[in-house]
Each structure stands twice: as structure tokens, then as C-alpha cells.
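**Student:** 3D, please:
(one chain, ligands or ions: 2)
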Amino acid sequence: MSAPGHWSVPGHWSSGVNPDIHSERTSPSFPVERVTNLLDGGAELTATRRHVESIINSDSTFSQDDRYFLTRVEQYEGSVRRAVRLREKMKELGWADNGTEAMFAFRVLGADVAFGIHNGVFIPTIKELGIEAQIAKWVPLAQDLQIIGTYAQTELGHGTYLRGLETTVTFDPSNQEFVINMPRLSSIKWWPGDLGRSATHALVLAQLYTQGKCQGMHAFIVQIRSLVDHSSLPGVTVGDIGPKMNFDQVDNGFLILQNVHIPRENMLCRYSEVSPDGTYVKRGSDRINYFSMVLTRTRLLSAEIIPALAKACVIAIRYSVVRRQSKLKPGEMETKILDYQMQQQKLFPQLATVFAFHFMASSFEAFCNQVKVQIKSKGDFSSLPELHALSAGLKALLSDVCSAGVETCRRACGGHGYSLLSGLPSLYTRVAGSCTYEGENTVMQLQTARLIKNAGFQLQSLLQSGVEQYVAWDSTSILLAQAAIAHCQYTIVNNFVETMSRLQHEPEIQQVLQVLCDLYALSGILANAEEFLHDGYMTGHQLDLVTASQRDLLTCVRKDAVSLVDAFDYSDQQLHSAIGSYDGHAYQRLFEWAQKAPMNAKVPFALFLALSSCC
Ligand SMILES: CCCCCCC/C=C/C(=O)SCCNC(=O)CCNC(=O)[C@H](O)C(C)(C)COP(=O)(O)OP(=O)(O)OC[C@H]1O[C@@H](n2cnc3c(N)ncnc32)[C@H](O)[C@@H]1OP(=O)(O)O
Ligand SMILES: Cc1cc2nc3c(=O)[nH]c(=O)nc-3n(C[C@H](O)[C@H](O)[C@H](O)COP(=O)(O)OP(=O)(O)OC[C@H]3O[C@@H](n4cnc5c(N)ncnc54)[C@H](O)[C@@H]3O)c2cc1C
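**Tutor:** Ligands and ions are numbered 1, 2, ... in the order given. From the prediction side, this is the model:
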């Protein structure tokens, strides 16, 4: 420590790594690189991911050093520049749109690159619900950014209740066109990403009318802006919906369509179509037009929701070994806050949750791809209800738990956790959106609950007592939602245990991950203790044993905590955190980054005069 008064404002970085974090990495009990490989799906994929990251991190277009000091328009324009640059890079380097490099590039950049709905929903929906001719026509244009698409489903008046959507698409056989209308204010499309400024086309989800009959929600490709000067087309009113809790860089927008005509060929018609004479033809499940949401919910687990908690764990655990505060033992140095049991009890169950969710998402994506093939190549829809039920439940549970977990990590970092410069507030406000978009969580839990016995018994007894179906369902909904969560939790723990059993050939990583598996399961029991006691599955004494075991497991995790979060292999550029960087120099970064604040710019003389005149 330098003598009091003899220190200089850091004009340069302390060299090397903060010794308090360096000491945490000297003797991990497991090969860190092997856990990174496991999380990536193998050493080759780790190498590919790192190669892609190095290309992105070395290109100044993708730099976001000033991200915390930009206006909303600057954030949007920066994200568009990054999206265009990424497309150029992909062409230069021959990265195929559905290839591994592109997947890693989009994952590294996430929502920091514009056109997330275009790439993540518009294009996949055309691929899933369009026929080959429609895919051949629209997907190459979209992948080449010659058109920009959005997914326009939610309206001012309806988001959850899709049967209540008001936008109508009526087939006119006399000119082989559909006519699109929004009958009232509540019909306006509201929220679609990439719509406010960017989109030239919209996938409009609307009630199809033909031969005087409503056939329910279907998807239609509608051009909304000119490809010449980007002005809105006749009958189209479009704009941005204004400031949000996060995603400032995304132009979520509104769309009004009045007597807009589109050709019959613009209805995505792999599973249903309107014949030239107006006859409606359906192929497959009634709900296949909801399939795009199932795929998006599944994709978001590993692309958006789990990474938020993983990054928060990296930031909070690294910070907790360079932050010393108060003393465990009088007379000794101040204590690393990660040595306090309460800090471990806050952070380590979150760390265990990241691994549990990662392995669950990997298994579930495999199941989802299997069902996609069944449906597309064999017309076999038999697994769709289970896929829907579990995707809805997992999206609801993982987004709820990860949002709460990020907030726990943020609070564990004290005042610096409240600074945007820590990266934690933005992680929270961003992942919190996932509790709402792609299906509000309450509604998603209730979709899962359709499978579950106990809730079913109560429902049955109400129905047998003569209560109407909708009354019985709603009055059982709390129990149904709880049952849905329990079903998903059981599935996640079971999957974690099965994943561990497949690691017997790697005892070193199996051992450290088994500790996290046990910690995840025991923490889940403690978080839901009343259920286990109420149903007689456990006694109070057994619960005491669980508490003691959890405490022992926290101690086991402590020595490897920094190495475990290092295994996520996030670069400092991806964390955007002054307190969670690899080298542990939190205070220098906080001080240096704060100098970029416009508030610290030289006060204009006129303002100085105004300020001084009021004193
Ligand atoms: C990096 C960027 C990150 C940000 C990206 C953000 C992107 C966000 C995009 C969006 O938000 S797009 C809009 C998303 N909107 C929704 O998710 C709407 C949620 N609502 C619904 O899914 C449905 O309305 C409902 C809640 C499921 C209800 O459906 P409905 O009222 O039509 O019927 P039900 O009686 O509930 O169900 C009937 C029957 O249908 C089955 N079912 C329902 N949904 C699906 C589905 N998706 N797939 C398959 N099957 C489905 C349901 O289980 C019932 O079956 P049975 O029990 O009768 O056999
Ligand atoms: C960041 C973000 C991005 C988005 N991007 C898009 C996009 O690109 N395209 C698009 O179309 N939409 C998009 N959305 C809209 C999103 O899909 C809707 O907000 C979501 O589906 C919820 O619908 P809602 O807002 O109408 O809420 P509502 O459905 O009105 O829900 C409000 C409340 O009512 C409760 N509730 C509703 N129905 C029931 C029920 N049956 N039982 C019990 N409780 C119920 C809910 O639990 C909720 O708490 C986006 C939203 C956000 C926040």
C-alpha cells in the first residue's frame, strides 16, 4: 500500500492482474479448459467460437467502449452499423447463414447488432411456415439485407390472447388478393422489433377470412416501406413506440394497415392455404401457425436468457474476490466479500443454476430439432403438444429464475452494482423483458399445467360439482401454475443428473460439476420447502440436513468459484463491465470509464456563468 497522500490519479493501468484475483486461479481443482469445451459442445467448437470472437473483437465497428454514454438514436444507429458490418464480414469470410461461425457471431453480438427480429424470427418463420417457393423467394433477399422483416403479431389491445387479435385479412377471389385492415385503435400492431425505422416488410399475423368464414390466425408477408426511398407505402402508418426499460438500440414499432392489398401468394402456406376460388385448405395441426413462437422460445433460452445470468455470475464473483470489506477476524486484513457465507449463499446457487439450465437447454434444443424434422419431413404432429407445453414452461421458469438471479448478483455488488458501468443493471433490465415477450410467463405456465395430475384432480372435482369449465380452470390456476413450475424443475434436475452420469470418463470435471448439481437440487428444495413439508415428502429434520449439506457445498464451491466463471470464457468486450473484467482492476476501470461521462466534459463558459450567477 502506498503511503497516505502519495498516490497518483490512475493515468495508466496497474500492470498485470489484480493479485487478489490472481491468487484465486493458481490451483483450480479441475481443468478449466475442459469445462469450457463441455459448455461449447467440444474443443473444436471452442476453437471456432474463439476464432469468431477474435475477428469481431478486433474490428472497431463492433467496439462499444462508449455504450453507456450514447443517446437512443446513437445506440440504434450503432447497432445498424454493426449489423451491416457483420453481413459484410460473413460474405468476406464465407460464413454460411446457418453455419457455426454465423451462429457464434450472432450469439456474441446478441441484441447489440440490429435486426434481431429480422434474423431471429422473420426468417425462421418463413422457413418453417412457408412452402419451398416462398422460402426461395424471400429468404435470400432477407439474408442479404435487401429487405428487412419484422414479426407483427401483438396489438395494442392483445398480446397473449391470439384468438382475440383484431387485424383482418380478407380474401378477394375477384382479384386474387388479400385485403388487410385494422378495424380500431386497439388493432394497431404494437411492439414488433425492427419495425419502428428498419423494416421494409412485415410478417403480419392476422385473422384470415375467406368465403365469409374466419379461419383463425395466419401469417402474411406485407411490404410496408418502399425499397427505393424507404418511405411508408399507401395505407401504411408506421413508427417507433418510444422509450423502453432496455433494448434502446432496438426500434420496436407500431404499424397501422388500412385497405392494404397483397397477392394470394403472400400467405405462408406450408400447412394451410386459400385456393384461387377462396376455398380454405388446412394441412396438419390447428396450432402450427403458433410454431414460430415455440421455436423462438426454445432459441431464446441459450441465446438470451441463460447468458444473462452467466455474465452476472462472472461479474459478481470476480468482483467479490477483489472487493475487500470489513473483517471476519479482528486484527486481520479486510475480508474478500466472497469469503462471507452470506455472499456464497447468494451467488453460488446462481452459478449452479447456470450449469443446470445450460444442460437443460442443450437437451431441449435437441428435442425441438427432432420434432421439427418429424413435422416437416413426415407431417407427424404428435409431439407438438409436448414440445409446446415444455417450451412454454421452460421459457417461463428460466426467464423468471434468471431475471431474479441477475438482480441477486447485482445487489451482491453493493453501490458499484447500481452503477451502469458494472454491466449488471443492463443485464437485469434486458433479461426482465424475457418474462413478457414470446408469451407472458403466467400464461406460459398455465399452458404447461395442462399436463399435470394433481392440479387435474382439483379441476375434475370442481367440474364434477357442476362448475363451468372456464370457472374451474381459472380457480385452479394458482395450483396449475405451481404444478407447471414443479414439473419443469423436476425435468431440469433429472437432466442435470443424467448429464453428470455421462461424464464418468472425465472424473475431474465430473467431480466439480457434481457439487454444482447437488447444490442446484438442494437449493431448489430449500426454495420450495413448504411444498415438500406440506405433501409429507420431507420432515423438518430432513430439511435441517438439507440446509447443512448446502452449507458444506458452498464451502466446496468457494475455492473453484473464479475458475468456474472463467470457464464461461466471456471476453471483457462481451461483459461490458468495469467491475467484472478478467484482470480484476475494478477501481481503475470505474474511475477511467467515469471520465467518459458527458457530465465530466469541460463545463461551457456560458453555463459556468449561469451557475455562478445563481450562487
Ligand atoms: C436478442 C433479442 C431478444 C428479444 C426478442 C424478443 C422477440 C419477441 C417476440 C414476440 O414477443 S412475438 C409475440 C409472442 N406472443 C406470444 O407468445 C403470445 C402468447 N399466446 C399464445 O401463445 C396463445 O394465445 C396461448 C396463450 C397459448 C393461448 O392459445 P389459444 O387461446 O389459441 O388456445 P388455448 O385454448 O390456450 O389452447 C388451445 C390448444 O392449442 C394448444 N396450443 C396453444 N399454443 C400452442 C403452440 N404454440 N403450439 C402448439 N400448441 C399450442 C394448447 O395446448 C391447446 O391444446 P389442447 O390442450 O386443447 O390440446
Ligand atoms: C422487449 C419486447 C419485445 C417484443 N417484441 C415483439 C415482437 O417482435 N413481435 C410481437 O408481435 N410482439 C412483441 N412483443 C410483445 C409481447 O409478445 C407481448 O407483450 C406479450 O405477448 C404479452 O402480451 P401483452 O403485452 O398483451 O400482455 P397481456 O397478455 O395483456 O398480459 C398482461 C397481464 O395479464 C395477465 N394475463 C393475461 N392473460 C391471462 C390468462 N389467460 N390467465 C391469467 N393471467 C393472464 C398476464 O399474466 C399479464 O400479467 C414484445 C414485448 C417486449 C416486452
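**Student:** Pull the number of nearby residues for Gln374.
**Tutor:** Neighbour count of Gln374, defined by other Cβ atoms under 10 Å: 16. Every C-beta, even on glycine, is put in place using the N, C-alpha and C of the backbone.
**Student:** which element is it on?
**Tutor:** For Gln374, the host element (DSSP states H and E) is helix 341-378.
**Student:** Identify the spatial nearest neighbour of Val236, chain neighbours not counted.
**Tutor:** Spatial nearest neighbour of Val236, chain neighbours left out: Ile224 (4.8 Å); criterion: Cβ to Cβ, 6 or more residues apart in numbering.
**Student:** Give me the local confidence score for the residue nearest to Ala412 when sequence neighbours are not counted.
**Tutor:** Once flanking residues are discounted, Ala412 sits nearest to Lys346: 4.8 Å by Cβ to Cβ, 6+ apart. For Lys346, the model assigns a pLDDT of 98.
**Student:** and what of Ile485?
**Tutor:** 88.
**Student:** do the same with Ser285
**Tutor:** Here the pLDDT value assigned to Ser285 is 81.
**Student:** you'd agree it is up against Ser382?
**Tutor:** No: between Ser285 and Ser382 there is no contact under Cβ atoms under 8 Å: 9.6 Å.
**Student:** Looking at the two, which has the bigger crowd around it?
**Tutor:** In this view Ser285 and Ser382 are compared by other Cβ under 10 Å, and Ser285 has more residues nearby, 17 against 11.
**Student:** Which residues does the spatially closest residue to Phe122 that is not a sequence neighbour form beta bridges with?
**Tutor:** What sits nearest to Phe122 in space, not counting adjacent residues and going by Cβ to Cβ, 6+ apart, is Gly149, at 3.3 Å. Taking DSSP bridges as the rule, Gly149 bridges to His201.
**Student:** wait, Thr200 sits on Ser231?
**Tutor:** No: look at Thr200 against Ser231 with Cβ under 8 Å: they stay out of range, at 10.6 Å.
**Student:** what residues are shared contacts of the two?
**Tutor:** Arg225 (Cβ atoms under 8 Å, 6 or more residues apart in numbering).
**Student:** who's more crowded, these two?
**Tutor:** Between Thr200 and Ser231, counted using other Cβ under 10 Å, Thr200 has the larger neighbour count: 21 against 8.
**Student:** mind checking how far that one is from Ser465?
**Tutor:** 56 Å (Cβ to Cβ, to the nearest Å).
**Student:** can you check Val238 too?
**Tutor:** 51 Å.
**Student:** More neighbours: these two, which one.
**Tutor:** Val238 (22 against 8).
**Student:** surely that one meets Gln258?
**Tutor:** No: counting by Cβ under 8 Å, Gln258 is not a contact partner of Val238; they are 11.9 Å apart.
**Student:** Name the helix or strand for Arg430, please.
**Tutor:** helix 424-432.
**Student:** For that helix, C-alpha coordinates in CSV please.
**Tutor:** C-alpha atoms of helix 424-432 as CSV (Å, rounded to 0.1, in the frame of the first residue of the first chain):
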residue,chain,number,x,y,z
LEU,A,424,-25.4,-5.6,-14.1
PRO,A,425,-28.3,-3.1,-14.3
SER,A,426,-28.4,-3.5,-18.1
LEU,A,427,-28.3,-7.3,-17.8
TYR,A,428,-31.3,-7.2,-15.5
THR,A,429,-33.5,-4.7,-17.4
ARG,A,430,-32.7,-6.7,-20.6
VAL,A,431,-33.4,-10.2,-19.4
ALA,A,432,-36.5,-8.9,-17.5
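**Student:** Which strands or helices does it pack on?
**Tutor:** The helices and strands touching helix 424-432, judged by 3 or more Cβ pairs under 8 Å, 6 or more residues apart in numbering; DSSP states H and E, are helix 306-322, helix 384-411.
**Student:** Between helix 384-411 and it, find me the angle.
**Tutor:** 160 degrees (axes from the mean of the first three to the mean of the last three Cα atoms, to 10 degrees).
**Student:** how many neighbours does the residue nearest to Phe122 have?
**Tutor:** Residue crowding around Gly149 was assessed by other Cβ under 10 Å; the count is 30.
**Student:** Same question for the one 10 residues further on.
**Tutor:** The burial metric for Gly159, expressed as a neighbour count using other Cβ under 10 Å, is 18.
**Student:** same check, this time on Glu132
**Tutor:** 8.
**Student:** Next: Gly284.
**Tutor:** The number of residues near Gly284, taken as other Cβ under 10 Å, comes to 16.
**Student:** Likewise for Val274?
**Tutor:** 23.
**Student:** what's near enough to touch it?
**Tutor:** Applying Cβ under 8 Å, 6+ apart, the residues contacting Val274 are 171, 208, 210, 264, 267, 280-281.
**Student:** Ok, Leu420 next?
**Tutor:** 68, 426.
**Student:** can you tell me how far it sits from Leu38?
**Tutor:** Leu420 is 33 Å from Leu38, by Cβ to Cβ.
**Student:** For the stretch 1-150 of the chain, which residues are neighbours of ligand 2?
**Tutor:** Residues of the stretch 1-150 of the chain found near ligand 2 (Cβ under 6 Å from any ligand atom) are Ile117.
**Student:** repeat that for 8 Å
**Tutor:** Proximity of the stretch 1-150 of the chain to ligand 2, by Cβ under 8 Å from any ligand atom, involves residues 117, 121, 150.
**Student:** out of these, which is most surrounded?
**Tutor:** Thr150 (30 neighbours).
**Student:** which one of the contacts of Val274 has the most neighbours?
**Tutor:** Neighbour max across those (other Cβ under 10 Å) = Phe171, 24 neighbours.
**Student:** Okay then, goodbye and thanks.
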